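[1] mind folding the following:
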Amino acid sequence: MERFTISLDDQLARAFDDLIRRRGYGNRSEAVRDMIRRELEQDRLARDEAPHCVAGLSYVYDHHERQLAERLTDIQHHAHDLVVSSMHVHLDHDNCLETLILRGHTTEVRALADQMAAERGVRHAQLNLVPVDVEAAGHRHHHTHSRPKT
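    As a prediction, the model looks like this:
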């Protein structure tokens, strides 16, 4: 493990300590490692250097919107190679929350998320991408393993 030292003014150090305490970190090192990982992955995504990902897509929609639930299900069926799992929650009489777990090529996952979010009646859509390296499993069964890049 490589060590490095950074200097912070007192106000910034106090603010950082408050932040990591609120988030439950035991020490500065783990908080800094997580921040670096997040920045590296965001940079990879911004530069299109993350060809594969796992992702969570969550969205709220009005289930009274004409045929919206059917349209969303149809979109998911057409993307069956990307959709690993889905969860549906009834929020109230009018609104539902769905969360999809996705895995595949980052451009295809983003396109699916954009398509779902653009459906009339879908609100508050949010995609969380995690870049991964993909490798053949090497087992007798046929699948791939997805490992976070950092």
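
[2] is the closest residue in space to D81 that isn't next to it in sequence in a helix, a strand, or coil?
    Residue nearest to D81 in three dimensions, not counting chain neighbours: G104, with 6.5 Å by Cβ to Cβ, 6 or more residues apart in numbering. In short, each C-beta sits where N, CA and C put it, glycine included. Three-state assignment for G104 (DSSP: H, G, I helix; E, B strand; the rest coil): strand.

[3] mind listing what G104 touches?
    Listed by Cβ atoms under 8 Å, 6 or more residues apart in numbering, the contact set of G104 reads H52, C53, D81, L82.

[4] list the beta-bridge partners for the nearest residue in space to the last one that is not next to it in sequence.
    By the measure of Cβ to Cβ, 6+ apart, the closest residue to L82 outside its immediate chain neighbours is G104, 4.4 Å from it. On the basis of DSSP bridges, G104 is bridged to C53.

[5] ok, G104 to P51 distance?
    10 Å (Cβ to Cβ, to the nearest Å).

[6] then Y59 would be within a strand, right?
    Yes. According to three-state DSSP, Y59 belongs to a strand.

[7] how about the nearest residue to it, chain neighbours excluded?
    A125 (3.9 Å).
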